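Trainee: I would like to see how this sequence folds:
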Amino acid sequence: MQIRLKQSADKDPATELSSETERMLRRAVSAHGNTDQTSEPRPASANGFNFRAETSTGHSADYYMPIEDAGAVHTALERAGMQIKQISPRRSVRRKRGRVPKRTELAQIAHQLGDQWAATGSPIQVLEALAKATPNRLVASALENAASDVRNGGTVSDALAAQDTTTAEPDAAKRARLIASGKLAQPIFPLEFSHAIRIAEATGAITDPVTGEKRVAISVLMERFAIDQIRIDKFWAAIKGAAIYPIVLCVALIVTVAVMLYVVVPGMQELYTTLLNDAPLPLPTRILVFASNFMISPLGITSFCSLILGTAGFVWWSTRTPKGQDFVARRSLWIPLFGEMMREAHTATFARTLGMLASGGGNIKGSLKETARSMSNPVYREMLEDIAFEMNRDARELHILFRPYTPLVTESLHPALVSYETSGMLDVKLARLAAQLEMIGERRVEAITHVVKNYTIIPLAILAGAVIVALYLPMLDVIGRLANHH
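Mentor: I've put the predicted structure just below:
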């Protein structure tokens, strides 16, 4: 990499490089690459510079600055009152393997995009800065592509909506394989994200629902989007956390019982035969021995392996194939204990999304369609698509169209919709509904977690205890015989 050090005839004290620092910079440049100063200027280091300096109070500072120009790094350090010891180009930053961003990552991107865009007014500059800052290679490539599209005359919303896991793949060979395979590409950014930006581009300024003041639309909507994403992520994390504990307990019990049946009980059988002289075993022990003999038989081994492979195959099918994902998404809404929580969570998600899209003054029909596309559960996606279609076909009130879907959206949605149709402010009412459902869900999760953590272990402990008792009953019989013999 070529670096051209800036030398000016008019020596500005704030920017003039000292001879010692200049020599350090030249050594850093020489170590990094060619120092031909007659070539065209290039960024000194695309990854910034590491530096070692001493502060005015004598403390050492060994950090890096994400600034590409060596002279700018020197100027920044001098202005900060630091005495420079060493400056060297930073090695390339290893990015994480590309993947679709999680809700928390989207929230961070939205916050930065809204704040920086409102401050600079240059979306291209903001997209390029975000691309350099993110460690996710796929997201960084998508942001760079979006910046290029905007530079060529496109809108930010359309540019971000066009990014998917195929077009944004930074590896050209892998991108070609994805295109050739015909695999369905997944959007990098959710539709409600690009739609919120589209509303901001069209409106310019909207009223902040919290303060009631007029603010730049992109800042308000991105802040609202980020807050909603964090709340939704927290809610779903609580539900998943409540389900993990019993699963871990059951898996641990299965592994423990399998080890006992395959390893411990066969070894104990020889001990029983030696000590009891073919005397009949207690009934619980005979059941345990029968189960162990079956498990170590060819039929038992085949059945156990089939069960493991079948479980693994079902997990793969339900998580990797469209049909499996659709099957699990539909059935999960009605499973005992967790089904009602999941329905409330999906209702809160679509309420927040619809309210956020409606807050920019968007058309309610269009907002319903965009919300439908953003829903991960096919049942809720189909519900919103049907309602949007009915509104286009015959303009009817929302609470009438949602009434048949009461088991999905809960009874509490209808008063909010009736209130909206009489007084307006759909975004505020849906935000309140979502907050109410999330609060109910959090309390329900806490209650279920308390029950699971304190009482699930009881039946598991009883089962494990029964196995242990069955193992040691013959030993007690032997001890009793020895006592009677003496």
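
Trainee: For the rest of this, base every contact and every neighbour count on C-alpha atoms.
Mentor: Fine.

Trainee: Least confident secondary structure element in this protein?
Mentor: helix 19-32 (a mean of 48; mean pLDDT, DSSP states H and E).

Trainee: Which residue, other than its chain neighbours, is closest to H414?
Mentor: Leaving aside its sequence neighbours, H414 sits nearest to H399 (C-alpha to C-alpha, 6 or more residues apart in numbering; 5.5 Å).

Trainee: Need the phi and psi values for P336.
Mentor: Backbone torsions for P336, taken as degrees, to the nearest 10, come to phi -60, psi 150.

Trainee: picking up where we left off before, quick one: list the elements packing against the next helix or strand after the least confident helix or strand of the chain.
Mentor: Per DSSP states H and E, helix 19-32 leads on to strand 49-54 as the next helix or strand towards the C-terminus. Under the contact criterion of 3 or more C-alpha pairs under 8 Å, 6 or more residues apart in numbering; DSSP states H and E, strand 49-54 touches strand 60-65, strand 83-89.

Trainee: Export these as JSON lines, with columns for distance to A168.
Mentor: Shown next, in JSON lines, are the helices and strands packed on strand 49-54 (distance: least, C-alpha to C-alpha, whole Å):
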{"stretch": "strand 60-65", "distance to A168": "28"}
{"stretch": "strand 83-89", "distance to A168": "28"}
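
Trainee: do you know which of these lies nearest A291?
Mentor: strand 60-65 (63.2 Å; C-alpha to C-alpha).

Trainee: now the angle from that closest one to strand 49-54?
Mentor: 160 degrees (axes from the mean of the first three to the mean of the last three C-alpha atoms, to 10 degrees).

Trainee: got a list of what the residue nearest the centre of the chain touches?
Mentor: For the chain, the residue nearest the mean C-alpha position is K102 (2.8 Å; C-alpha atoms, centre = their mean). Applying C-alpha atoms under 8 Å, 6 or more residues apart in numbering to K102 gives no contacts.

Trainee: and what of A279?
Mentor: Counted by C-alpha under 8 Å, 6+ apart, A279 has contacts T273.

Trainee: What is the three-state secondary structure of it?
Mentor: coil (DSSP: H, G, I helix; E, B strand; the rest coil).

Trainee: quick one: it from I468, how far?
Mentor: Separation of A279 from I468 (C-alpha to C-alpha, to the nearest Å) stands at 20 Å.

Trainee: what do you get for V409?
Mentor: 48 Å.

Trainee: number of nearby residues for L178?
Mentor: 17 (other C-alpha atoms under 10 Å).

Trainee: Could you pull up the residues touching it?
Mentor: T166.

Trainee: Run a quick neighbour tally on A168.
Mentor: Number of residues near A168 (other C-alpha under 10 Å) recorded here: 24.

Trainee: which element is the nearest residue to it once chain neighbours are set aside on?
Mentor: Take A168 and drop its neighbours on the chain: the residue closest to it by C-alpha to C-alpha, 6+ apart is A142, 4.8 Å away. Using DSSP H and E, A142 sits within helix 137-151.

Trainee: cool, I230 as well?
Mentor: Counting by DSSP H and E, I230 is found in helix 217-259.
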